[in-house]
Structures are given as structure tokens and as C-alpha cells.
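>>> The following block contains a protein sequence and its predicted model.
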Amino acid sequence: MHRHMGFSLLESLVCLAIITIVSLFSLPSLTTLFQFDKPKIKLEALRRAINFARIQAVASGATVTLCPLKNNRCDDKEWHTQLTVFIDYHPQGEFSGDDYKLAVVDSVDSGDKLTYPRNAIIFRRFGHLAGLYNGTFVYCNASSTVGLSLSVSYTGRSTLKDTDECQK
């Protein structure tokens, strides 16, 4: 007598149906989980861009700026939009003909909010911020009161922490 190994088509279809049903019930909770991680993911990308700008300033010996551009000028009201990292010759804080674009950071998701108290992050050739400025980015998620902040020190180092500034 032969003994057959494996599953029949009917058994496979029943298993697939059970997996599908369980997956459909778990998707809403996964979506909520991703909503809580979204600020962290976006601020980690911003942190990488800040570190990149700092390293480029030291490596090139030039001033490097990270900012949101509006009409080729840095604008402190536009941090939620696409951010540009560029070698910044004169005038500073303005993307002009002599400047060189190094990288672009995606904008935050629609409805979410990213704020920073200055119009740009400018690194000098030694890797420190221009003008003794430090500041804190605040990322607020539109679908919840969850928020994170990213503090940038004068030396260009950054710290990620929870914030309660998003509560309405």
C-alpha cells in the first residue's frame, strides 16, 4: 500500500481561506501600528539628512544648507514640504546659480506637520551650525496626538525624543 505525502487541493484551499480571514482581522491594528511609527521614520530620515549635510560641509570645506525652498529661498513655514541639501555659496539661505544640490528629502505625509523655529540648518566647514543656533524639529501625526521631536545642537548632533506639543 502506498502512503501519499502532502496535502490535497481542498485542504490547501481551506488553509488559505483561514489565513486570509485572520489577515483581514489583523490589518486594522497593523495600520494603527504604522501610524505610531510614522513620526519616527520621518525624523530618522531627517536625522540622516542632517548628518549628511554636516559631513558634506566638513568634507568639502564649504557651507552646506538644509532647508525647504520656496522660490529658491529657505522658508521657515515650509518644513512640511520637500527639503533640499545644497552647497551654499553667497547669498546664504538662497539656492542661486553657483550653489550645488546634494540631496532631496521627501515631504511629510499629507495632514502631518513638521515645524522648526528657523528657516534653515546651515553647517560651516568645521561641521558646526552657523551662528550658535540650535533648535528642535517637532513632527505631529495628523491621525493622533503622537508626536516626536528632534533636537539639533550647535555641534550638529541630534537627539530624538517624545513630545507633548502635538496635543490639541
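Alright, I've got the coordinates. The shown structure was predicted, so the numbers you read here are calculated from the model rather than taken from an experiment.
>>> Name the next helix or strand following the helix or strand hosting residue 25 along the chain.
If you go by DSSP states H and E, residue 25 is part of helix 9-60. Note on helix 9-60: by DSSP H and E, the next helix or strand toward the C-terminus is strand 64-70.
>>> distance between the helix holding residue 25 and the chain's centre?
14 Å (CA atoms, centre = their mean, to the nearest Å).
>>> tell me what that helix is packed against?
strand 64-70, strand 83-87, strand 100-105, strand 121-123, strand 135-140, strand 147-152, strand 158-162 (3 or more CB pairs under 8 Å, 6 or more residues apart in numbering; DSSP states H and E). Heads up, the C-betas are built off the backbone N, CA and C, glycines and all.
>>> nearest to residue 15, of these?
strand 147-152 (40.6 Å; CB to CB).
>>> and that closest one with strand 135-140, angle?
With axes from the mean of the first three to the mean of the last three CA atoms, to 10 degrees defining the directions, strand 147-152 sits at 160 degrees from strand 135-140.
>>> What residues of strand 147-152 count as buried?
Under the neighbour-count criterion of 16 or more other CB atoms under 10 Å, strand 147-152 has 147, 148, 149, 150, 152 buried.
>>> can I have that strand written out in PDB, keeping just the CAs?
What follows is strand 147-152, C-alpha atoms only, in PDB (Å, rounded to 0.1, in the frame of the first residue of the first chain):
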ATOM      1  CA  GLY A 147       4.500  63.400  18.300                       C
ATOM      2  CA  LEU A 148       8.300  63.300  18.300                       C
ATOM      3  CA  SER A 149      10.900  65.900  18.400                       C
ATOM      4  CA  LEU A 150      14.400  66.000  17.000                       C
ATOM      5  CA  SER A 151      16.700  68.500  18.800                       C
ATOM      6  CA  VAL A 152      19.800  69.700  16.900                       C
END
